[in-house]
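A.B. asks: Got a sequence here, can you build the structure:
(4 chains)
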2 protein chains.
Amino acid sequence: MQKDNNISDLQLAVMRVLWRRGEAAVAEVHGDLEPERGLAPTTIATILSRLERRGLVRHSSRGRQYLYAPVISEQEIRRSMVAALTSRLFNGDATALVSHLLESRDIAPGDLEKVRQLLSESHETETDHADS
Amino acid sequence: MQKDNNISDLQLAVMRVLWRRGEAAVAEVHGDLEPERGLAPTTIATILSRLERRGLVRHSSRGRQYLYAPVISEQEIRRSMVAALTSRLFNGDATALVSHLLESRDIAPGDLEKVRQLLSESHETETDHADS
DNA sequence: TATGTAGTATTACGTCTGTAGTTGAAACCG
DNA sequence: CGGTTTCAACTACAGACGTAATACTACATA
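C.D. replies: So this is what the prediction gives:
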């Protein structure tokens, strides 16, 4: 059972900047998010500190500034957050989640073909079951 | 854009009791959750009040007791929570979520067949596209 | 009627998050 | 060298949540 990497919307937005840039100073993160979020730079700094406290990012120094870099990948965040939701809402049954997506029409009928496509691709890798 | 019905784990557990029983007094909810959670009755009462404040449950009176009943269905909660996650993690693209499930092997290879099954069922309803 | 009892209402406290002001130190500029 | 700018660190505060103790109220019962 891995850590609880569930993060909030804002935190996710910040992480996304780091994932995109590799590493970034507070001012850069702020610059990227300012247009859509309009937050104070100190707010961003606070978020970054908290993320660091939680071990999701780390920092190094460049002159006076801190350069923050992600410690966890977007893949991993997705995994743990999707897993958490699946576990909580569908008792851990991912197929139930898919079923829900289909029933609730979150997946538009037009996208069914796309899903079917994914399915068959996934099928290929099934043969090399490297059951890690 | 509907309300933000994102609820916590405990709140969800309480809701589940209400969904199962239709309506229930604090003591009943507590009784159901006590074994696994071991919480004080007042804690359950607090949770229920807060859920009521958020409009997710309502109550009527039976003698001295309050009978709480869900105002929102499990379907709806699932919808909004899954939608929130999809929006946040996959930019609202539900097929990307499915893709993630397949890639991350959250869906075991053995379950692929089940998913394919779901797909074809869903396909049937596709013909009566009542595009609501 | 006085009292126990059951059950709701109020209050409380620590933690997390969003959001930011304030402070202090270093660096740069004139 | 002294003022100004730039950062990070610290402090703050409200709202949500987990968790519950305590207070209040009304019914039942001796």
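
A.B. asks: drop to CA atoms for contacts and neighbour counts, all remaining ones
C.D. replies: Will do.

A.B. asks: And chain A, what are its domain boundaries?
C.D. replies: Structurally, chain A divides into domains by automatic domain parsing as follows: A:1-92, A:97-127.

A.B. asks: Please look at A:Gly22 and A:Pro70 and confirm they touch.
C.D. replies: Yes: counting by C-alpha atoms under 8 Å, A:Pro70 is a contact partner of A:Gly22 at 7.2 Å.

A.B. asks: So between the two, which is more surrounded?
C.D. replies: When A:Gly22 and A:Pro70 are compared on other C-alpha atoms under 10 Å in any protein chain shown, the one with more neighbours turns out to be A:Pro70, at 24 against 13.

A.B. asks: The residue lying closest to A:Leu89 once chain neighbours are set aside and A:Ala27: what is the separation?
C.D. replies: Beyond its immediate neighbours in the sequence, the residue positioned closest to A:Leu89 (C-alpha to C-alpha, 6 or more residues apart in numbering or on different chains) is B:Arg78, lying 6.7 Å away. Using C-alpha to C-alpha, to the nearest Å, one gets 38 Å for the distance from B:Arg78 to A:Ala27.

A.B. asks: Look up phi and psi at A:Tyr66.
C.D. replies: In this entry, A:Tyr66 is assigned phi and psi values of phi -100, psi 140 (degrees, to the nearest 10).

A.B. asks: I meant A:Ser60, not that one.
C.D. replies: In terms of degrees, to the nearest 10, the main-chain angles of A:Ser60 are phi -130, psi 170.

A.B. asks: Which residues belonging to stretch A:55-74 are considered buried?
C.D. replies: Of the residues in stretch A:55-74, those with enough neighbours to count as buried (16 or more other C-alpha atoms under 10 Å in any protein chain shown) are A:56-59, A:66-71.

A.B. asks: do stretch A:74-83 as well
C.D. replies: Residues of stretch A:74-83 classed as buried under the neighbour-count rule (16+ other C-alpha under 10 Å) are A:77-83.

A.B. asks: Are that stretch and DNA strand C in contact anywhere?
C.D. replies: No: under the criterion of C-alpha under 7 Å from any atom of the strand, stretch A:74-83 makes no contact with DNA strand C; the nearest approach is 12.6 Å.

A.B. asks: gap between that stretch and the chain center?
C.D. replies: Using C-alpha atoms, centre = their mean, to the nearest Å, we find the averaged C-alpha position of stretch A:74-83 to lie 6 Å away from the chain's own average C-alpha position.

A.B. asks: out of the domains of chain A, which comes closest to DNA strand D?
C.D. replies: The minimum distance between DNA strand D and the domains of chain A falls on domain A:1-92, with 3.4 Å, by C-alpha to the nearest atom of the strand.

A.B. asks: can you tell if the closest one touches DNA strand D?
C.D. replies: Yes: with C-alpha under 7 Å from any atom of the strand as the measure, domain A:1-92 is seen reaching DNA strand D through A:25-27, A:42, A:45-46, A:49, A:64-67.

A.B. asks: For the domains of chain A, which has the smallest mean pLDDT value?
C.D. replies: Between the domains of chain A, the one with the least mean pLDDT is domain A:97-127; it has a mean of 81.

A.B. asks: Residues of chain A that sit close to chain B?
C.D. replies: For chain A, the contact set with chain B under C-alpha under 8 Å from any C-alpha of the partner chain comprises A:9, A:78-79, A:82-83, A:85, A:88-89, A:94-95, A:98-99, A:101-104, A:106-107, A:109, A:111-112, A:114-116, A:118-119, A:122-123, A:126.
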